[in-house]
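**Q** starting from these lines, generate the structure:
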Amino acid sequence: MSFSKRQYYLIAALFVAIIILVIAFSTNKQALAPVEESATTTDAISDEVKESAAAPSPAPAPAKTESKSVSTVTQTSKTPAPLVGRIAPDFVQPNGFLNSNTLGIPNTNEFALKDFIGKNIILVNFWTASSLNSLRVFPYLNQWHNKYKSSGLMIVSIHTPRFDFERSQTLVQKTVFDHNIIHPVVIDTSYGTWNAYKNTVWPHQYLIDLNGRIVYDHAGEGAYEGIEAKIQTLLAARAQKIGAKYVYQNFQEPADAYDVDLAKMKSVEEYAGAARNEALGNGVSRKEGLQSFTVPSTSLTLNTLYFGGNWNFFKEYTQSMGENSRMLYRYNAKRVYALLGANGAVTVKVLLDGKPLTQAEAGKDIRYEKGESFIYVADERIYDIINNSAGYGEHTIELIPAAGGLDLYTLTFG
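**A** Just a heads-up that it's a prediction; the model follows:
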């Protein structure tokens with residue numbers, strides 16, 4: 001078969017178009033995927049924030065470098081380009097606003113970042129209600145709001161859900177109330193703002209200067225002293241620009257800060273759902289559906305999920321299928337929390353190193369009956385299970401539901 005020159009050109013053009021479509025689809029798929037929650041300390045800072053205050057000032061204390069390894073949720077094949085040095089995106093298709101009355105905008109709850117560019121130094125914080133890593137940041141954000149609002153700091157937290165049940169605005173409102181969040185919150189159920197920032201972790205803070213440019217970002221918990229120092233550098237530059245004085249303030253831990261030492265904690269958040277469970281010690285990871293488990297007779301590997309009995313794996317969680325089901329996890333930390341829910345209400349026996357918890361080991365949600373330690377699970381929330389007064393160390397937690405219907409999302413440590 002012979003082709004004319006025109007037909008050759010048409011075939012070549014069609015081939016090129018197909019390649020472009022494949023590349024575009026792949027890139028878009030990466031941008032939309034919610035990826036991981038992190039307690040890692042990761043900083044990026046531009047030269048602009050380092051030099052923005054021309055007036056000499058006391059050297060702030062160096063940033064704390066608390067860090068630890070991260071459990072991957074969904075890893076993109078390519079790390080997004082950093083936004084430091086670029087103009088900050090505004091909110092994209094926000095699904096609601098909370099606490100916007102603190103901004104003094106008459107007759108509306110809605111606002112946009114562009115309304116405050118040139119007036120305020122802005123700190124944007126991405127969070128999600130089911131993430132203890134996110135919640136542990138709020139005592140610091142609340143303190144900075146109170147200390148620096150009058151000097152020109154504006155803090156906005158963006159709630160982007162990682163689990164379906166967090167799409168409830170009522171749940172977000174309750175979390176804002178329970179944790180006394182006193183700055184504006186934007187609800188980002190559609191992931192519009194998350195994708196605009198190419199965000200990949202909860203929590204994540206972005207610091208925006210008067211020109212609307214991102215000059216610093218920090219992924220995860222920790223480094224609070226360093227973040228506050230950078231906030232003050234920008235506020236001092238703002239004060240100089242408007243002809244005002246700025247007095248540097250010392251860093252102080254908030255009175256309601258969580259009791260956690262990231263340097264001593266050797267276990268990070270573990271996901272149970274099939275979409276994200278990276279470490280099943282005696283089962284098949286990343287597999288939906290029913291699995292049957294036998295608890296191994298040998299010692300358990302650190303930071304690895306083990307199950308006994310029958311469990312049904314869904315994308316976001318795994319569900320116990322009978323009274324013989326159990327979960328075991330060997331960890332190194334002081335505190336253990338679990339994000340749990342239930343089909344109805346389920347009583348769950350809790351063992352630490354094979355024994356009931358003592359009062360000196362018990363978290364706030366532990367109850368006792370006939371010498372046994374229990375938690376009672378109904379609503380989807382974070383349950384405070386272990387708080388070991390002996391401090392950080394290596395132990396094995398075991399959860400034994402009395403019936404089927406227990407939903408396990410994550411284990412988190414402190």
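**Q** and the residue nearest the centre of the chain?
**A** residue 202 (2.4 Å; CA atoms, centre = their mean).
**Q** that one: what's it in contact with?
**A** 37, 38, 126, 127, 128, 131, 133, 134, 160, 162 (CB atoms under 8 Å, 6 or more residues apart in numbering). Yep, even glycine has a C-beta here, placed from its N, CA and C like the rest.
**Q** report the buried members of the residues you listed.
**A** Buried members of those, scored by 16 or more other CB atoms under 10 Å, are 37, 38, 126, 127, 128, 131, 133, 134, 160, 162.
**Q** now the contacts of residue 202 in a markdown table, with pLDDT?
**A** Compiled in a markdown table, the contacts of residue 202 are given as follows (pLDDT from 0 to 100):
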| residue | pLDDT |
| --- | --- |
| 37 | 47 |
| 38 | 44 |
| 126 | 98 |
| 127 | 98 |
| 128 | 98 |
| 131 | 96 |
| 133 | 95 |
| 134 | 97 |
| 160 | 98 |
| 162 | 96 |
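**Q** dump the residue contacts of residue 307.
**A** With CB under 8 Å, 6+ apart, residue 307 has these contacts: 280, 282, 283, 291, 293, 295, 318, 325, 326, 327, 328.
**Q** which of those residues fall within helices?
**A** Among these, none falls in helices (DSSP state H).
**Q** just curious, which of the residues you listed is nearest to residue 257?
**A** residue 327 (29.9 Å; CB to CB).
**Q** so what's the closest one up against?
**A** Each residue near residue 327 by CB under 8 Å, 6+ apart is listed here: 272, 305, 306, 307, 308, 398, 399, 408.
**Q** ok, which stretches of the chain are helices?
**A** Going by DSSP H, the chain shows helices at 5-32, 47-51, 132-135, 138-148, 169-178, 192-196, 224-241.
**Q** ranking those helices by mean pLDDT, which is last?
**A** Note on the helices of the chain: lowest mean pLDDT is at helix 47-51, with a mean of 41.
**Q** run a quick neighbour tally on residue 89.
**A** 18 (other CB atoms under 10 Å).
**Q** contacting residues for the closest residue to it other than its chain neighbours?
**A** In space, and not counting its chain neighbours, residue 89 is closest to residue 196: 3.8 Å by CB to CB, 6 or more residues apart in numbering. Residues counted as contacts of residue 196 (CB under 8 Å, 6+ apart) are 89, 90, 92.
**Q** my read: the first one touches residue 197, true?
**A** Just to be clear, that refers to residue 89. Yes. Contact criterion CB atoms under 8 Å: residue 89 and residue 197 qualify, at 5.9 Å.
**Q** look up phi and psi at the spatially closest residue to residue 315 that is not a sequence neighbour.
**A** Excluding the flanking residues, the one nearest residue 315 by CB to CB, 6+ apart is residue 275, at 4.2 Å. The phi and psi values for residue 275, taken as degrees, to the nearest 10, are phi -70, psi -20.
**Q** what is the least confident helix or strand in the protein?
**A** helix 47-51 (a mean of 41; mean pLDDT, DSSP states H and E).
**Q** domain parsing of the chain, as residue ranges.
**A** 1-32, 34-241, 270-413 (automatic domain parsing).
**Q** so which of those domains gets nearest residue 251?
**A** domain 34-241 (4.5 Å).
**Q** picking that back up, and the domains of the chain: which comes nearest residue 260?
**A** Nearest to residue 260, of the domains of the chain and by CB to CB, is domain 34-241 at 6.5 Å.
**Q** show me where pLDDT drops low in this structure?
**A** For the chain, the stretches flagged by pLDDT under 70 are 1-82, 107.
**Q** how about 50 then?
**A** Residues of the chain meeting the criterion pLDDT under 50: 1, 3, 8, 16, 19-33, 35-41, 47-79.
**Q** surely residue 213 is in contact with residue 113?
**A** No. Contact criterion CB under 8 Å: residue 213 and residue 113 do not qualify, at 11.9 Å.
**Q** next, show the common contact partners of those two.
**A** Common neighbours of residue 213 and residue 113 (CB under 8 Å, 6+ apart) are residue 88.
**Q** ok, residue 391 touching residue 332?
**A** No. Judged on CB under 8 Å, residue 391 makes no contact with residue 332 at a distance of 11.2 Å.
**Q** which of the two has more neighbours?
**A** Shown here are residue 391 and residue 332; by other CB under 10 Å, residue 332 has more neighbours (15 against 9).
**Q** wait, isn't the more buried one in contact with residue 267?
**A** Yes. Using CB under 8 Å, residue 332 is in contact with residue 267, at 5.3 Å.
**Q** what would the contacts of residue 307 look like in TSV with distance to residue 368?
**A** Output for the contacts of residue 307, formatted as TSV (distance: CB to CB, whole Å):
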residue	distance to residue 368
280	31
282	30
283	32
291	32
293	28
295	25
318	27
325	22
326	19
327	21
328	21
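**Q** now, among these, which is nearest to residue 374?
**A** The closest of the contacts of residue 307, once distances to residue 374 are taken by CB to CB, is residue 326, at 13.8 Å.
**Q** how near is that closest one to residue 338?
**A** Residue 326 sits 13 Å away from residue 338, going by CB to CB, to the nearest Å.
**Q** which of the two has more neighbours?
**A** Neighbour count, other CB under 10 Å: between residue 326 and residue 338, residue 338 has more, with 28 against 20.
**Q** tell me the contacts of the more buried one?
**A** Counting by CB under 8 Å, 6+ apart, the residues that residue 338 touches are 382, 383, 385, 399, 408, 409, 410, 411, 412.
**Q** count of neighbours near the residue nearest to the second one when sequence neighbours are not counted?
**A** Counting by CB to CB, 6+ apart, residue 383 lies nearest to residue 365, which is 4.6 Å off, once chain neighbours are set aside. Residues lying near residue 365 (other CB under 10 Å) number 20.
**Q** now residue 256
**A** By the criterion of other CB under 10 Å, residue 256 has 12 neighbours.
**Q** was I right to think it contacts residue 136?
**A** No. Using CB under 8 Å, residue 256 makes no contact with residue 136, being 10.5 Å away.
**Q** and residue 414, what is it in contact with?
**A** Applying CB under 8 Å, 6+ apart, we find residue 414 in contact with 132, 136, 258, 259, 260, 265, 333, 334, 335, 336, 337.
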